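Visitor: Provided below are the primary sequence and the corresponding predicted coordinates.
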Amino acid sequence: VHQSSGFAGEEFCTIEEFHNCLKLLQSVGNGESDLALPVNEDELENACIDLKDGVICLDLHIQKCFSPEMQQVYTNVATDAKQFVRDLCNNFTVQR
């Protein structure tokens, strides 16, 4: 059995684990359906931790659990959202 990044194959490829990744992204909206953008630097730092963790979690899940075709679909759909997270949390280009 091949293991990487601390995840053990089948155990990670469940709908529950996928939802756990999504919950990290939803925590930015405090569990609400609307996105609650941070209003100060501390809130932004905390939100970015969850956003980055959520993106990493989803990327690992997709890489381990999806077929190559579905990985490509995910890449096409998620590229802009991932760029937004990078801009918001690393480059600070959308903060102003």
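Guide: On my side now, so go ahead.
Visitor: how near is residue 56 to residue 89?
Guide: Counting by C-beta to C-beta, to the nearest Å, the gap from residue 56 to residue 89 is 12 Å. For glycine as for every other residue, the C-beta is placed from the backbone atoms N, C-alpha and C.
Visitor: Then residue 54?
Guide: Applying C-beta to C-beta, the value for residue 54 to residue 89 is 11 Å.
Visitor: Quickly list what's touching both of the two.
Guide: Shared contacts of residue 54 and residue 89 (C-beta atoms under 8 Å, 6 or more residues apart in numbering): none.
Visitor: Between residue 56 and residue 89, tell me which one has more neighbours.
Guide: For residue 56 versus residue 89, neighbours defined as other C-beta atoms under 10 Å are more numerous around residue 89 (18 against 13).
Visitor: I'd say the more buried one and residue 53 touch.
Guide: No: if you go by C-beta atoms under 8 Å, residue 89 and residue 53 don't touch, sitting 11.0 Å apart.
Visitor: Tell me where the model's unsure across this protein.
Guide: The chain contains residues with pLDDT under 70 at 1-11, 27-37, 91-96.
Visitor: Can you report how many residues neighbour residue 63?
Guide: 13.
Visitor: what does residue 46 give?
Guide: 13.
Visitor: Which element, helix or strand, includes residue 19?
Guide: Element membership of residue 19 [criterion: DSSP states H and E] is helix 15-26.
Visitor: Please identify the buried residues of that helix?
Guide: Neighbour-count burial for helix 15-26, counted by 16 or more other C-beta atoms under 10 Å, picks out 17, 18, 21, 24, 25.
Visitor: Any chance of the residues you listed in CSV with distance to residue 62 as columns?
Guide: Listed next are these as CSV, based on distance: C-beta to C-beta, whole Å:
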residue, distance to residue 62
17, 11
18, 9
21, 9
24, 14
25, 14
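Visitor: Right, I'll call it a day here.
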